[in-house]
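Novice: one predicted model, sequence on top.
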Amino acid sequence: DAGITQSPRHKVTETGTPVTLRCHQTENHRYMYWYRQDPGHGLRLIHYSYGVKDTDKGEVSDGYSVSRSKTEDFLLTLESATSSQTSVYFCAISDFDRGLTEAFFGQGTRLTVV
Amino acid sequence: GDSVTQMEGPVTLSEEAFLTINCTYTATGYPSLFWYVQYPGEGLQLLLKATKADDKGSNKGFEATYRKETTSFHLEKGSVQVSDSAVYFCALTSLSSNTGKLIFGQGTTLQVKP
């Protein structure tokens, strides 16, 4: 299994509070991604990173920010959580530019905003 | 933009039945195609992949063939087991995007009954 750890695994938070989810990898992969999983939508990309301090938006980035200060860590922040951000969040890594087209996923973080 | 369409679920089969889950895609260029599987409470695992037309990906008795003429990547298994019960996602990554990001179908839930 690829070395990807997400924390926390479960979180309940109140509307309007900030929340940070962490993804840690031990594979030294350049690319890291945050997806959210919702019924009927599959997984949708929130943000991704192609290197330290290099990030870009995905298709559902509104209300989210990310940071990557080290190769191994990719943080997802909800600045002011809303009920629509209740979801399961997955981190993924890949070495896309070295010819490995597949991505490897963490175990997920179930976030509930009440 | 790029997209993936999967057959609606849930799919309910008896053990040892034949499985087909349909997947079609829209993409510019020549994407790589994937099937991921998600067991209850877990993250996504790569099941199989194909990177060019007419390639056949296979793993654990599952197969899928990259059909460029029909833009399809249908998942098949000759004899399903109860342990195959899971959610299956078809996905693509487009080399032209140069990011490795995945575009997912909405997922198909498979339930296999003894």
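Specialist: Great, that's in hand.

Novice: my read: A:S65 touches A:K57, true?
Specialist: No: judged on C-beta atoms under 8 Å, A:S65 makes no contact with A:K57 at a distance of 9.8 Å. The way it works is simple: take the backbone N, C-alpha and C, and place the C-beta from them, glycine included.

Novice: what's the overlap in contacts for those two?
Specialist: Counting by C-beta atoms under 8 Å, 6 or more residues apart in numbering or on different chains, the common neighbours of A:S65 and A:K57 are A:H47.

Novice: distance of the residue of chain A most remote from its centre from B:G100?
Specialist: Relative to the centre of chain A, the most outlying C-alpha is that of A:G99, 22.3 Å out, by C-alpha atoms, centre = their mean. Going from A:G99 to B:G100 by C-beta to C-beta, to the nearest Å gives 11 Å.

Novice: now do B:Q45
Specialist: From B:Q45 to B:G100 the distance is 17 Å (C-beta to C-beta).

Novice: what's the answer for B:A53, then?
Specialist: Using C-beta to C-beta, which is the criterion applied here, B:A53 is 20 Å from B:G100.

Novice: which of these two has more neighbours?
Specialist: Set side by side, B:A53 and B:G100 show more neighbours around B:G100, with 26 against 12, by other C-beta atoms under 10 Å in any protein chain shown.

Novice: gap between the longest strand seen in chain A and the chain center?
Specialist: If you go by DSSP state E, chain A has its longest strand at strand A:42-51. In terms of C-alpha atoms, centre = their mean, to the nearest Å, the centre of strand A:42-51 is set 7 Å apart from its chain centre.

Novice: pLDDT wise, what is the residue of chain A found nearest chain B at?
Specialist: In chain A, the residue that lies nearest chain B is A:F96 (2.9 Å; C-beta to the nearest C-beta). Note on A:F96: pLDDT of 78.

Novice: kindly report the same for the one 3 residues further on.
Specialist: According to the predicted model, the pLDDT of A:G99 comes to 75.
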